[in-house]
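Visitor: Need the 3D shape of this:
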Amino acid sequence: MAINDIRQAVLSQTFEDAIGKRVLVMTPFFPFLIIGEIKNVKSDFIIISIETTHIQEIEGQRIRIHIDDIDVFHIEEDGSPIPRFNEAEDHHKKGG
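Guide: Down below sits the predicted model:
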């Protein structure tokens with residue numbers, strides 16, 4: 001088995017084990033930064049429900065990202081939360 005195949009298998013399993021958790025993903029391509037919930041893993045693609053990105057029009061949508069297009073990721077775990085930017089903005093708008 002080639003090293004790239006092993007890497008893809010390990011990453012796919014990492015994301016599969018995290019289905020339902022929040023993730024922060026950075027890619028070199030549009031939309032560059034995504035925070036959302038891992039909904040599914042199909043082969044070497046991750047399906048994420050977008051919670052926050054710098055492109056407001058795609059928030060709330062689902063996106064499919066190929067593992068090879070991910071430069072950096074962080075899966076939320078106890079003790080290592082990902083900030084909830086939309087909630088902070090909503091709180092600020094309500095005068096909090």
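
Visitor: What are the boundaries of the helices in the protein?
Guide: For the chain, the helices defined by DSSP state H occupy 3-17, 85-93.

Visitor: Of those helices, flag the one that's most buried.
Guide: helix 3-17 (a mean of 13; mean count of other C-beta atoms under 10 Å). Glycine gets a C-beta too; all of them are placed from N, C-alpha and C.

Visitor: if we can go back for a sec, let's have the helices of the chain in CSV, adding distance to residue 34 and mean pLDDT.
Guide: CSV is the format used below for the helices of the chain (distance: least, C-beta to C-beta, whole Å; pLDDT from 0 to 100):
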stretch, distance to residue 34, mean pLDDT
helix 3-17, 13, 93
helix 85-93, 12, 54
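
Visitor: Export those as CSV, with columns for distance to residue 24.
Guide: Shown next, in CSV, are the helices of the chain (distance: least, C-beta to C-beta, whole Å):
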stretch, distance to residue 24
helix 3-17, 13
helix 85-93, 11
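
Visitor: For residue 72, which of these is the nearest?
Guide: Among these, the nearest to residue 72 by C-beta to C-beta is helix 3-17 (12.4 Å).

Visitor: What is the closest one packed up against?
Guide: strand 33-42 (3 or more C-beta pairs under 8 Å, 6 or more residues apart in numbering; DSSP states H and E).

Visitor: what residue lies at the spatial centre of this protein?
Guide: Closest residue to the average C-alpha location of the chain: residue 23 at 3.9 Å, with C-alpha atoms, centre = their mean.

Visitor: thought residue 8 was touching residue 70?
Guide: No: counting by C-beta atoms under 8 Å, residue 8 stays clear of residue 70, with 11.1 Å between them.

Visitor: check contacts around residue 27.
Guide: 33-34, 65, 69-71 (C-beta atoms under 8 Å, 6 or more residues apart in numbering).

Visitor: Can you tell me which of those has the most neighbours?
Guide: residue 34 (25 neighbours; other C-beta atoms under 10 Å).

Visitor: what's the distance between that one and residue 6?
Guide: 25 Å (C-beta to C-beta, to the nearest Å).

Visitor: which one among the contacts of residue 27 gets closest to residue 51?
Guide: residue 34 (8.3 Å).

Visitor: tell me the contacts of the closest one?
Guide: Applying C-beta under 8 Å, 6+ apart to residue 34 gives the contacts 23-25, 27, 48, 50, 52-53, 63, 65.
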